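Engineer: sequence first, predicted coordinates after that:
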Amino acid sequence: MLKMNLSHFEAAFLFALFTSVVLGVVTRNNDRDRLHYGIYTFVCFAVALFGLGWLMYLGHR
Amino acid sequence: MTAKEKEQKKPVPPLGTWVPAVALGWLIPGGGHFLLKRPGRGVLLLLAITGMFVCGLMMRGYMFQPQTGDLLTTLINTGGFIGDLCGGLLYLMTVAFGYGQVDTPGHVHDYGTKFLVTAGLLNLLAMVDAFEIAAGRKN
């Protein structure tokens, strides 16, 4: 079987992408709201990812 | 009982209306949505959940086995096992084909383990969605 060797960022990005798609599909009642919620969730993941990344970087200086 | 409480407490629909959709949704991610004639959403769920599970396998994630011991061990292993089990056919096929990754240190394996469990938990969300559609509570 193929093996994946991802960095923290790549793995977290993939995680955010898959999770946002599912959360977008299952939580709202029409396609427009689903799309908006999926994008919103993905942006939240991305902001948390960069925020925590910077926090850990600054915390270790 | 207030009117709001009465409105919130909806009766459980007959088993025949939702069990096939939920069962198929467990076996095949998005299968319940296909059965309920929501193919677009079914495809998205299938791709996202299967993609996540396959990525978890390719990262050589660990499949949890139920274990007892102290509270934390029981919670992590049994909870993780339930999460893995929610993957349905993906989980059953992985076990049937003899996938046996040991719990190895390293961030890639660790992410893989989380991907496998989360894929199962997302499938659980998809099953709940299929139930609500089948019960007529949601479009």
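Structural biologist: Arrived safely.

Engineer: secondary structure element for A:Leu23?
Structural biologist: helix A:8-27 (DSSP states H and E).

Engineer: contacts for that helix next, please.
Structural biologist: Under the criterion C-beta atoms under 8 Å, 6 or more residues apart in numbering or on different chains, residues A:6, A:34-35, A:37-39, A:41-42, A:45-46, A:49, A:53, B:41, B:44-45, B:47-49, B:51-52, B:55, B:59, B:107-108, B:111, B:114-115, B:118-119, B:122, B:125-126, B:128-129 lie in contact with helix A:8-27. Using the backbone N, CA and C atoms, a C-beta is placed for each residue, glycine as well.

Engineer: what's the first helix or strand after that helix?
Structural biologist: By DSSP H and E, the next helix or strand past helix A:8-27 is helix A:31-59.

Engineer: from chain B, how far off is the residue sitting nearest the centre point of chain A?
Structural biologist: Nearest to the geometric centre of chain A sits A:Ala16, at 2.2 Å (C-alpha atoms, centre = their mean). Applying C-beta to the nearest C-beta, to the nearest Å, the value for A:Ala16 to chain B is 11 Å.

Engineer: quick one: pLDDT of that residue?
Structural biologist: Looking at A:Ala16, its pLDDT is 95.

Engineer: do A:Ser20 as well
Structural biologist: For A:Ser20, the model assigns a pLDDT of 96.

Engineer: now do A:Leu2
Structural biologist: 81.

Engineer: do the same with A:Leu49
Structural biologist: 93.

Engineer: and if you look at B:Leu124?
Structural biologist: 95.

Engineer: name the element it belongs to?
Structural biologist: Per DSSP H and E: helix B:107-134 holds B:Leu124.

Engineer: what's near enough to touch B:Arg41?
Structural biologist: By C-beta under 8 Å, 6+ apart, the neighbours of B:Arg41 are A:Val25, B:Gly30, B:His33.

Engineer: what do you get if the cut-off is 10 Å, keeping everything else the same?
Structural biologist: A:24-26, A:31, A:34, B:30, B:32-34, B:126, B:129-130, B:133 (C-beta atoms under 10 Å, 6 or more residues apart in numbering or on different chains).

Engineer: quick revisit: check whether the helix holding B:Leu124 comes near chain A.
Structural biologist: Yes. Shown here: helix B:107-134 in contact with chain A (C-beta under 10 Å from any C-beta of the partner chain) through B:107-108, B:110-112, B:114-115, B:118-119, B:121-123, B:125-130, B:132-133.

Engineer: on the pLDDT front, check residue 6 for me.
Structural biologist: Just so you know, I chose chain A. 88.

Engineer: that was the other one, I meant chain B.
Structural biologist: So, for B:Lys6, pLDDT stands at 55.

Engineer: low-confidence ranges in chain B?
Structural biologist: B:1-8 (pLDDT under 70).

Engineer: buried residues in stretch A:17-37, which are they?
Structural biologist: A:17-26, A:28, A:34, A:37 (16 or more other C-beta atoms under 10 Å in any protein chain shown).
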